[in-house]
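1. quick one, what's the 3D model for this:
(2 chains)
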Amino acid sequence: MIRKVLPLGLGALVLAVGALLLVVNLAVMAAGHPPIKLVPGLIGVTDPEVLPTGWASVLDGRFQAVYGRLIGTQMPLYPAAVRLRNQVQFSLLGFSPTPSVIVGRDDVLIERAYAEDYCSREIAAWRPGAVAWASKIKAMQDEQERRGKAFLYVLTPSKAAQYPELLPVGYRCPAPVADRVGLVRTWLAILQAAGVHVVDTTAVLWKAHGAYPFRLYPDGGTHWNAVGEALGEQAILRGMDQILPGRGLAPGGFTYAMAAHPGPNSDEADLARLMNLFVRTANGPVPVTTAQPVPAAGACQPPRVAIVGGSFAIGSLRALLALACPVVATEYEYWHTFTLQWNAAGMVRQPGVDGAARAVTLRDADIIVYEENEQVLRQPSAGQELFAFLMHSTP
Amino acid sequence: MLFYEPLFLFLFFPAVLAVFLAARRRAGARAGVLLVASLVFYLWSEPLFVPVVLATCVTDYVLALQVARGSRTALVVGVLINLGMLAYYKYTGFAVDNLDVLLVSAGLRPWHVGQVALPVGVSFIVFEKITYLVDIARGRSKPAPGLPTYMLYVFLFPKLLAGPIIKYHELEAQLVAFGRLRGDDLAEGFRRFMLGVVKKTVLADTLASGADMAFAADPALLGWGDAWGGVLFFTFQIYIDFSAYSDMAIGLARMFGFRLNENFNRPYISCSITEFWRRWHISLSTWIREYLYIPLGGNRVAAWRRYVNLWVCFLASGLWHGAAWTYVLWGAYNGVFLVLERLLLLRWLDRMPRALANAVTFGITVAGWLVFRSASLGQAGSMFATMMQPARIGSVVGMWWTAPMIAALVAAVLISFLPRVPGFDRLATAVGVMPAGRAVLDFALSLLFAFALAKALADPFKPFLYFRF
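-> Next up, the predicted model:
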């Protein structure tokens, strides 16, 4: 009898242990304590779900629906369950268990939004809006110049666009090749026609393809690696130096060395971490760069720099720290999510944005650097906020 | 509350089972536990509908006493009350929408009615309640010994939301015994329940994502292969999904001492549509035969009327599945083939090699599922047109069949068609009766069940990158 029931007992045991731990956690939470977690928490952001209140929500079933979803997350084994499912799907089927991540060729991870953007580009439909947006960027530049300040537009590259050959086998890319590769060229031509000062780091990276014994993006990350970033930084500093000559902004060089992957906290493994696996193997050595210091030439007149942009802008001014004259730079990530401050001591990240302080910083900045990734060209958002600010604030 | 949701798996089910086992020595206590649990289960899902069902249970119970004394009026009133409930909750919106189309086309003002929320399981409940009255009228069953017994029949939670449709006479004797556990009911029931959870969460949900992807796209932009792919994903999804629900229901019921009839019997190995409907959703097919086809005259009427009745029955079956023209067409389509089979098609199919007859039947079924799954008749038409144009290679829209989808499809194909391989049944039985073979299969099922639980927990978790977390 025992031999007959024992193999089934494993299933019953899992169910019973899960039930017991859930009841314990519900009791712990009812007593006002934080829930017990037997496995480290999960990585990534999810849309928060709030339990509806009131009888109306019970009668129409909204309360039950949300409670039914939330109860699973209260289980001490919830993170383990997520990692188990993910590991099985990834290890057995080579499939990304996280919808926002795609497992490309050579096990390289690609953020889905970038692949979808690349594979759905449609220049004809996008062009009228792009021309209108370029005129607004030019208007921001004109406004800055009218105030005696400078403005620089920076275009950063997408992993899917730089390495489309890494998209997985069978991944449907219905956009014509002319549209996929032509979108950035078209955008640059539109910006040039509008008279915008542009630094195109996508071209910088294209030129560097094959120049290094590795790709310019980490296998497990969505942003460029240290070498790609260093190349981008140099281009940005050169662009700033051209607009504000003699302010000590000319970049130095950089060296790199291959080092063991810095571990799970690195941005270079953000997509790998987002997959929430127990074990991920494709974490090879990555390049680590060292910026070569620039010797001081004459008196220091460092400009005040304000940066508005997306996630690619975050590290892109690390080379500022190697300049002879320390530049004070403040960056507003996606306009309102968080603030980064650069000074001689390094980079300080503060959650959130103080609107009043941002207004002062932008007003006083000698140069505003506005960064867009090619992936958001069809729906720029932070730029719209910057435009509204510059056009409606008093100098 | 669905059987594969964490709330059911880790809270409701263990708690109810524990209390039920504690009360296993007393029939009244067992019945009480099951009735209360079933009411809580349904109240959680449909708090506003439960009072309506309770009220109609009382009317059924009272009318059934009259029906038992031979009152045809009580029978008609009882059936009409139940059909009225179904009509109101399920078909009001559909009827008014179509009426509005006519009114607007005649230049009149449309008749707006508020949205009527469709309670989960209403179609199953109504059909079951009707069997109670009809079985008593036919002298096949006696009125329930008490209202709680009848309520337990109606609300018994394992079969409440998605069947099988249990006729009262099938459960009558067991209801009187009040869920007495026999032999290895617990182990056998749990095995079946685990199988259902695995089929639903691991296979059916994965197949669903393939079908959803294709049916969400504009069919005019789909390629030939993707259109076929989408329909095939759905063909296997609906079988695995629906039979998984039946597995869970049958397994759970057995754990609480009830034996429910099988609802599926390897339908895709059928060699005719007639055979398919003997193997597919058996509880509905038999309901339609016993409670609609036979009252319409059954096989005792003239051939032409038999065919009309048969077709009408399947039209009604289509409408029972959902209030939309696609379901009506699907029912009519199946009815047409059933009539054709009686006229000549069955003779042709019988003369064919079995594999070919199976392939033809499967093709007819797949075309039916295309109509069933489509959101509108227009979508069904466009999709069908694409499927008939092999030259249309490649989708304009992005369609990407992932490795899990392909793996689930392969597994579903094997589950569906392996029984057709000569010797398969003998081999399966031989492995099943060997203690070692059985132990290995059970162990594998337990492992898959553990993974299915993890998947059920994890599936709602869809994290994304947010500004370099």
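2. from here on, contacts and neighbour counts on C-alpha atoms
-> Will do.
3. need the residues of the stretch 51-200 of chain A near chain B, please.
-> Residues of the stretch 51-200 of chain A lying near chain B by Cα under 8 Å from any Cα of the partner chain: A:58-61, A:64, A:68-69, A:71-73, A:78, A:81-82, A:84-85, A:89, A:93-95, A:98-100, A:170-174.
4. apply 7 Å and report the result again.
-> A:59, A:61, A:64, A:68, A:71-72, A:78, A:81-82, A:84-85, A:93, A:95, A:98-100, A:170-174 (Cα under 7 Å from any Cα of the partner chain).
5. derive a PyMOL selection command for the buried subset of the residues you listed.
-> If you want just the buried ones from these in PyMOL, going by 16 or more other Cα atoms under 10 Å in any protein chain shown, the selection is:
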select buried, chain A and resi 59+61+64+68+71+72+78+81+82+84+85+93+95+98+100+171+172+173+174
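6. now do the buried residues in whichever helix or strand B:Val308 is part of.
-> Element membership for B:Val308, per DSSP states H and E: helix B:303-321. By 16+ other Cα under 10 Å, the buried positions in helix B:303-321 come out as B:306-307, B:309-320.
7. tell me the one of the residues you listed nearest chain A?
-> Taking Cα to the nearest Cα as the measure, chain A sits nearest to B:Trp320 out of these, at 23.9 Å.
8. tell me who's in contact with that closest one.
-> B:Ser123 (Cα atoms under 7 Å, 6 or more residues apart in numbering or on different chains).
9. model confidence for it, exactly?
-> Listed pLDDT for B:Trp320 reads 91.
10. and B:Arg420, how far from B:Phe372?
-> For B:Arg420, the distance to B:Phe372 (Cα to Cα, to the nearest Å) stands at 26 Å.
11. who's more crowded, those two?
-> Applying other Cα atoms under 10 Å in any protein chain shown to B:Arg420 and B:Phe372 shows that B:Phe372 carries more neighbours, namely 25 against 17.
12. from what I can see B:Arg24 touches B:Arg30, true?
-> Yes. The pair B:Arg24 / B:Arg30 is scored as a contact, 5.9 Å apart, by Cα atoms under 7 Å.
13. which residue is nearest the middle of chain A?
-> Geometric centre of chain A, nearest residue: A:Ser311, 3.9 Å, by Cα atoms, centre = their mean.
14. JSON lines for the buried residues of helix B:303-321, including distance to A:Ile110?
-> JSON lines is the format used below for those (distance: Cα to Cα, whole Å):
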{"residue": "B:Arg306", "distance to A:Ile110": "61"}
{"residue": "B:Tyr307", "distance to A:Ile110": "58"}
{"residue": "B:Asn309", "distance to A:Ile110": "58"}
{"residue": "B:Leu310", "distance to A:Ile110": "55"}
{"residue": "B:Trp311", "distance to A:Ile110": "53"}
{"residue": "B:Val312", "distance to A:Ile110": "54"}
{"residue": "B:Cys313", "distance to A:Ile110": "53"}
{"residue": "B:Phe314", "distance to A:Ile110": "49"}
{"residue": "B:Leu315", "distance to A:Ile110": "49"}
{"residue": "B:Ala316", "distance to A:Ile110": "50"}
{"residue": "B:Ser317", "distance to A:Ile110": "47"}
{"residue": "B:Gly318", "distance to A:Ile110": "44"}
{"residue": "B:Leu319", "distance to A:Ile110": "45"}
{"residue": "B:Trp320", "distance to A:Ile110": "45"}
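15. tell me, how many residues neighbour residue 39?
-> This is for chain A. Count around A:Val39 with other Cα under 10 Å applied: 13.
16. actually chain B
-> Applying other Cα under 10 Å, we find 20 residues neighbouring B:Leu39.
17. so, low pLDDT: which residues of the chain?
-> In the absence of a named chain, this looks at chain A. By pLDDT under 70, the low-scoring segments of chain A are A:1-7, A:45-48, A:262-266, A:281-283, A:296-298, A:314-318, A:344, A:380-381, A:393-395.
18. actually, chain B is the one I wanted.
-> Judged by pLDDT under 70, chain B has its weakly predicted residues at B:179, B:394-399, B:461-469.
19. enumerate the residues of the stretch 251-395 of chain A near chain B.
-> By Cα under 7 Å from any Cα, the residues of the stretch 251-395 of chain A that approach chain B are A:267, A:311.
20. point me to the residue of the stretch 251-395 of chain A nearest chain B.
-> Among all residues of the stretch 251-395 of chain A, A:Ser311 sits closest to chain B, at 5.6 Å; criterion: Cα to the nearest Cα.
21. from A:Ala388, how far out is that residue?
-> Relative to A:Ala388, A:Ser311 is positioned 21 Å away (Cα to Cα).
22. can you check B:Phe193 too?
-> When distance is defined by Cα to Cα, B:Phe193 is 59 Å away from A:Ala388.
23. now swap in A:Ile236 and tell me
-> Separation of A:Ile236 from A:Ala388 (Cα to Cα) stands at 24 Å.
24. please apply the same query to B:Gly368.
-> Distance, B:Gly368 to A:Ala388, by Cα to Cα: 55 Å.
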